[in-house]
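*Asks:* Mind folding the following:
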Amino acid sequence: MGRAPLFLAREGYRRRRLADMARFLPVLGAALFLVPALDARDGLSAAMLIYLFGAWGGLILASGLLARRLCRSAGTGQAAEAREEGP
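*Replies:* So this is what the prediction gives:
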């Protein structure tokens, strides 16, 4: 009876972890946007607005970097699969 190897391929593992990070990003964004609500006694101050726009910009930057790395890893994964199949 053959057993599957105990380790995972490095590229596939990294690609799945990147996809997990991309799925977690909206949860992180919701948490970041709710932080000012904890201290909103007197309404939104200038510091809170700066924080919100900074968090928004950070989320845009993080999603762009994740998308770029996911596209790059998907491209290398497809090239590796093509090499394995052979002519």
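*Asks:* from here on, contacts and neighbour counts on C-alpha atoms
*Replies:* Will do.
*Asks:* What distance do you get for residue 31 to residue 55?
*Replies:* For residue 31, the distance to residue 55 equals 10 Å [Cα to Cα, to the nearest Å].
*Asks:* who has more neighbours, those two?
*Replies:* Shown here are residue 31 and residue 55; by other Cα atoms under 10 Å, residue 55 has more neighbours (16 against 11).
*Asks:* ok, now how distant is that one from residue 13?
*Replies:* From residue 55 to residue 13 the distance is 29 Å (Cα to Cα).
*Asks:* Low-confidence ranges, this protein, go.
*Replies:* 1-2, 4-8, 76-87 (pLDDT under 70).
*Asks:* can you tell me which helix in it is longest?
*Replies:* helix 46-85 (DSSP state H).
*Asks:* Centre-most residue in the protein?
*Replies:* The residue lying closest to the centre of the chain (Cα atoms, centre = their mean) is residue 22, at 2.8 Å.
*Asks:* Setting the sequence-adjacent residues aside, check what's closest to that residue.
*Replies:* residue 66 (6.6 Å; Cα to Cα, 6 or more residues apart in numbering).
*Asks:* Could I get the contacting residues of that neighbour?
*Replies:* 18, 21-22 (Cα atoms under 8 Å, 6 or more residues apart in numbering).
*Asks:* Dump the residues you listed into a markdown table; add distance to residue 50 as well.
*Replies:* Output for those, formatted as a markdown table (distance: Cα to Cα, whole Å):
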| residue | distance to residue 50 |
| --- | --- |
| 18 | 29 |
| 21 | 25 |
| 22 | 25 |
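*Asks:* by contact count, what packs against the host helix or strand of residue 17?
*Replies:* Here residue 17 sits within helix 10-38, counting by DSSP states H and E. Contact here means 3 or more Cα pairs under 8 Å, 6 or more residues apart in numbering; DSSP states H and E; on that basis helix 10-38 packs against helix 46-85.
*Asks:* Now do the helix it packs on against helix 10-38, angle only.
*Replies:* 170 degrees (axes from the mean of the first three to the mean of the last three Cα atoms, to 10 degrees).
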